[in-house]
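Q: build me a model:
(2 chains)
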There are 2 protein chains.
Amino acid sequence: MLNQLLMPEIEELIRANDFDELREALVLFEPAEIAALIEQLAEVEAALVFEALPPDRAADVFEHLPHGDQAALAEEMADESDRLAALLNELSPDDRTAFLGDLEPAVVQELLGLLDPDEREVAERLLGYAEDSVGRLVTTDFVAVRPEWTVEQAFRQIRRYGRDSETINIIYVVDADGKLIDDIRIRDLILAEPETEVQSLMDYRYISLNETDDREEAVRMFRIYDRVALPVVDGNGLLIGIITHDDVLDVAEEEATEDIHKLGGSEALDDPYLDTPLPTLIKKRARWLVVLFLGEMLTATAMGYFETEIARAVVLAMFVPLIISSGGNSGSQAASLIIRALAIGEFGLRDWWRVMRRELLSGASLGVILGSVGFLRVLIWANAFGMYGPHWFLIALTVALSLVGVVMWGTLTGSMLPLVLKRLGADPAVSSAPFVATLVDVTGLIIYFSVAALLLTGTLL
Amino acid sequence: MLNQLLMPEIEELIRANDFDELREALVLFEPAEIAALIEQLAEVEAALVFEALPPDRAADVFEHLPHGDQAALAEEMADESDRLAALLNELSPDDRTAFLGDLEPAVVQELLGLLDPDEREVAERLLGYAEDSVGRLVTTDFVAVRPEWTVEQAFRQIRRYGRDSETINIIYVVDADGKLIDDIRIRDLILAEPETEVQSLMDYRYISLNETDDREEAVRMFRIYDRVALPVVDGNGLLIGIITHDDVLDVAEEEATEDIHKLGGSEALDDPYLDTPLPTLIKKRARWLVVLFLGEMLTATAMGYFETEIARAVVLAMFVPLIISSGGNSGSQAASLIIRALAIGEFGLRDWWRVMRRELLSGASLGVILGSVGFLRVLIWANAFGMYGPHWFLIALTVALSLVGVVMWGTLTGSMLPLVLKRLGADPAVSSAPFVATLVDVTGLIIYFSVAALLLTGTLL
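A: As a prediction, the model looks like this:
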């Protein structure tokens, strides 16, 4: 990271308006480090540092900034349209798509107008893809060669386009129509004689993504094939660009973050926690919390339904939190295991029966374990402290059997709900821990009081 | 993926014992695809397919297999120690570490004995690193050059060692002692004149990881710097190896999976869900479930403490699930937001006050929102259905005020607990949704019945 020791000196240079020194000092740092510096500065100073960067470095730094800082810098440059145009033209197509994709449509139109015709066409096409599709991650900065070229001709192409290319680790081979027909590692080109024809190095084996694939599919493919980049083709097999490992790592982390936020029972935050404005933070949490609250109200209704039972045997109320929370906990465990397995593609919907069988067995075992502990709890308290009156054995049995039922039900709900949601085309991660707990709470009460009615009528009830 | 249409034909070849044909058919596939095929086959057939692969391909395929299949194949080869030795020597050092690291110590010693002296030394050193450290991901297959060499000499080195190297995208420059002094992109070497000296291309700016760093630090560094590989140095700055983007993507996904499992309230599974033996699956869930159950028992104790109040005003029992679950839900939201932010390094412990201030404000707002909804619930039911008797207004107030308190408390507990755990050197993800809910349930009951005592004594109580 940026040497923290140098920070004060750089701030000093900004204060002194010594831009020549500043420019020289900044040469020493990585674009990611300069971006980290800009993030820490106030808006005006950030703009000054950014202005001190040569155009190509400025684009590199811009690509490493979070969206909020990007938007602020772009606004700051609004009246210097030449500089803004140069920056936008210099950005890699994928980073430009990410930047433009988060802006208001009117602003996007204005900024697109600043692009050179070629870049504009690329930008418009990439922005046309759905937000979570592979197309949104595509960069058109890659090197393609033709099978009939020699290795020497291929290197000429690499020298010509390689400087802007995001990777030259892999070179793509296309036919006369632009259809992707192979990929070749640069290593094989380097190790080959210059006069060799490219096609003699080809094995016609390649992996590609489709422009409309979900971006989670890209993560899966990169994990399987360990590639630095994968080519992206359209419906006709034409090579439209590549996506690179660094963007895929970001996607993997973002998707995991979204799932974790949802699993905790709130909407996913779009920005880092501390950068999310407080009203947004509250709104994203309040919506689900209110939905869950409305669902949980059914417990008050259910409890009302058993009011006479509770009045007759107050002891029953004692165990309500213990029993319903056990259902919620086992459901939350099952949901998180299944949601994650679905997200990383460990299994699909067709495996529902294998999952269900495992969860039935797990649920039954876990239920018996908790049921036994619950039985012991009542037994010990009854005999050691004389609690729960003369019918403590029946109460212990009620608690134990209810726990078996509630834990099984919680496990089954938690594991099957994500599959059902996926089947319906919804996001499995919506079946969050609190959501499953809420669903299971009402059922848990019904199970508990039904078992109580069955076992205790005639004695306590 | 492996063309599903070809699967039956390959199975046919295995059944027919036609290994020449099989060998030819397998040439058409990627190592990852052959690995996927082997995963689907029974153990004996898997071993046959694996045997049909030439030694270097066999190592590539082996690296793509999950640990269970690797161990099975190695056992299958136990009496052909030559083949096993060839395989182990051929594996990349990082994949070999991952394979050996999961085996019994006695087996590891035996397998290490099969390695060539050089490889053995490397393997032993890498296995010496802590399990979640960067050192465990290191591969020693990289190309290093000296600053005084010419570009042509550098290319000679690349041609010599590049074939085995995991990446030649970046070449490392070391001094006479083996200290890392720079990294150079292959692109710059390709674009330079052959007689140029390497040092004239150097900027002495490089990013490196330390061998003892946590592997999550590697993910953060790759996300910031977008590199294909990063060099790893020891305490003296000596270059010991590199780690590559593909392993880092795997680590990112594994760490997220672990956090999601823990957040759901179970121990993290080491293998994919469907590959985890049922007893292991149950054990990993039962342990936490029992711990949570024991904690939740305190609710029965707390409820017992308020038994007289409940007996006098059974209506109070109605709202118990609603109130405690609201605390649990808000706590689970807060915990998941904070745990994820800590995991991806969005902020550190020193920011605790900023987090606490935001959570106090969020908790208060969310509490007021839920409190209002709760108040309306009692008000409407009382007036529409004549429930809750003459003192419904006091009951509504009790519910509303308790909700404000419980939600604030849940939010605060959920957000601060991960920070406290991290401060104590524990894993923040341990403060799972169910764990926070359990902690908050008992406190929630105390808050609720205290508010009730305050407002209802003299009327209902």
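
Q: do you know the pLDDT at the residue nearest to A:Leu403 when sequence neighbours are not counted?
A: In this structure, A:Leu403 finds its nearest non-sequential neighbour in A:Gly371, 4.2 Å apart by C-beta to C-beta, 6 or more residues apart in numbering or on different chains. C-beta: built from backbone N, CA, C; applies to glycine. Here the pLDDT value assigned to A:Gly371 is 95.

Q: which residue packs closest to A:Ile247, ignoring adjacent ones?
A: Rather than Ile, residue A:247 is Asp. A:Leu137 (4.9 Å).

Q: next, count neighbours for the residue nearest to A:Leu403.
A: Using other C-beta atoms under 10 Å in any protein chain shown, A:Gly371 is surrounded by 22 other residues.

Q: that one is in contact with A:Ala400, isn't it?
A: Yes: in this structure, A:Gly371 is within contact of A:Ala400 by C-beta atoms under 8 Å, at 4.1 Å.

Q: list the buried residues in the helix or strand where the residue nearest to A:Leu403 lies.
A: Using DSSP states H and E, A:Gly371 sits within helix A:352-385. By 16 or more other C-beta atoms under 10 Å in any protein chain shown, the buried positions in helix A:352-385 come out as A:352, A:355, A:358-359, A:362-371, A:373-375, A:377-379, A:381-382.

Q: just to revisit the earlier point, run through the residues that contact the residue nearest to A:Leu403.
A: A:Val399, A:Ala400, A:Leu401, A:Leu403, A:Val404, A:Val407 (C-beta atoms under 8 Å, 6 or more residues apart in numbering or on different chains).

Q: so the fourth one is in which element?
A: Secondary structure assigned from DSSP H and E places A:Leu403 in helix A:392-423.

Q: repeat that for A:Ile181.
A: Assigned by DSSP H and E, A:Ile181 falls within strand A:180-185.

Q: now what about that strand, what contacts it?
A: A:145, A:147, A:169-175, A:198, A:201-208, A:231, A:233, A:237-239.

Q: among the residues you listed, which are in reach of chain B?
A: A:Asn169, A:Arg205, A:Ile207 (C-beta under 8 Å from any C-beta of the partner chain).

Q: the last one: how many residues sit nearby?
A: Here the count is done by other C-beta under 10 Å, and A:Ile207 has 16 residues near it.

Q: with the second one instead?
A: Using other C-beta under 10 Å as the criterion, A:Arg205 is surrounded by 12 other residues.

Q: OK, contacts around it?
A: Counted by C-beta under 8 Å, 6+ apart, A:Arg205 has contacts A:Asp182, B:Leu28, B:Phe29, B:Glu30.

Q: so which of the residues you listed comes closest to B:Met297?
A: B:Glu30 (54.1 Å; C-beta to C-beta).

Q: confidence score at the closest one?
A: Model confidence at B:Glu30 (pLDDT) stands at 83.

Q: what distance do you get for it to chain A?
A: For B:Glu30, the distance to chain A equals 7 Å [C-beta to the nearest C-beta, to the nearest Å].

Q: what is the burial count for that residue?
A: Neighbour tally, B:Glu30, other C-beta under 10 Å: 19.

Q: just the buried positions in the strand or helix carrying A:Glu296, please.
A: Assigned by DSSP H and E, A:Glu296 falls within helix A:278-305. Buried residues in helix A:278-305, defined by neighbour count with 16+ other C-beta under 10 Å: A:281-282, A:284-286, A:288-289, A:292-293, A:295-300, A:302-304.

Q: same for that helix, what does it pack against?
A: Packing partners of helix A:278-305 (3 or more C-beta pairs under 8 Å, 6 or more residues apart in numbering or on different chains; DSSP states H and E): helix A:433-456, helix B:315-318, helix B:320-343, helix B:352-385.

Q: off-centre distance for the shortest one?
A: Read it as helix B:315-318. 43 Å (C-alpha atoms, centre = their mean, to the nearest Å).

Q: and of the helices and strands packed on helix A:278-305, who's closest to A:Leu100?
A: helix B:320-343 (26.8 Å).

Q: packing partners for that closest one?
A: Using 3+ C-beta pairs under 8 Å, 6+ apart: helix B:320-343 touches helix A:245-263, helix A:278-305, helix A:320-343, helix A:433-456, helix B:245-263, helix B:352-385, helix B:392-423, helix B:433-456.

Q: related to what we said a few turns ago, which ones among the ones next to chain B among the contacts of strand A:180-185 lie within helices?
A: Judged by DSSP state H, the subset of those located in helices is empty.

Q: could these go into a markdown table alongside pLDDT?
A: Formatted as a markdown table, these follow (pLDDT from 0 to 100):
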| residue | pLDDT |
| --- | --- |
| A:Asn169 | 76 |
| A:Arg205 | 84 |
| A:Ile207 | 90 |
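
Q: just those residues now: which is nearest A:Gln40?
A: A:Asn169 (33.4 Å).

Q: ok, the closest one - contacts?
A: By C-beta under 8 Å, 6+ apart, A:Asn169 lies in contact with A:Arg185, A:Ile186, A:Val228, A:Ala229, B:Thr167, B:Ile168, B:Asn169, B:Val228.

Q: now the residues you listed: which count as buried?
A: Using 16+ other C-beta under 10 Å as the threshold, A:Ile186, A:Val228, A:Ala229, B:Thr167, B:Ile168, B:Asn169, B:Val228 are the buried ones among these.

Q: pLDDT value on the first one, please?
A: Right, A:Ile186. pLDDT, A:Ile186: 82.

Q: same check on the fifth one?
A: B:Ile168 is assigned a predicted lDDT (pLDDT) of 69.

Q: and if you look at the second one?
A: The score at A:Val228 is 87. That number is its pLDDT.

Q: was I right to think it contacts A:Ile171?
A: No: assessed by C-beta under 8 Å, A:Val228 is found out of contact with A:Ile171, at 11.7 Å.

Q: quick one: secondary structure of A:Val173?
A: Classification of A:Val173 by DSSP: H, G, I helix; E, B strand; the rest coil places it in strand.

Q: for the residue nearest to A:Asp247, give me its contacts.
A: A:Asp94, A:Thr97, A:Arg215, A:Ala218, A:Ile243, A:Asp247, A:Val248, A:Val251.

Q: from chain B, how far out is the fifth one?
A: I take that to be A:Ile243. Taking C-beta to the nearest C-beta, one finds A:Ile243 at 13 Å from chain B.

Q: contacts only, for that residue.
A: Per C-beta under 8 Å, 6+ apart, neighbours of A:Ile243: A:Asp94, A:Val134, A:Leu137, A:Val138, A:Thr139, A:Leu209, A:Ala218, A:Ala229, A:Leu230, A:Val232.

Q: out of those, name the ones that lie in helices.
A: Per DSSP H, the subset of these in helices is A:Asp94, A:Ala218.

Q: ok, of the contacts of A:Ile243, which one's closest to chain B?
A: The nearest member of the contacts of A:Ile243 to chain B, counting by C-beta to the nearest C-beta, is A:Ala229 at 9.6 Å.

Q: where exactly do the strands run in the stretch 51-200 of chain A?
A: A:144-145, A:170-174, A:180-185 (DSSP state E, counting those that start in this stretch).
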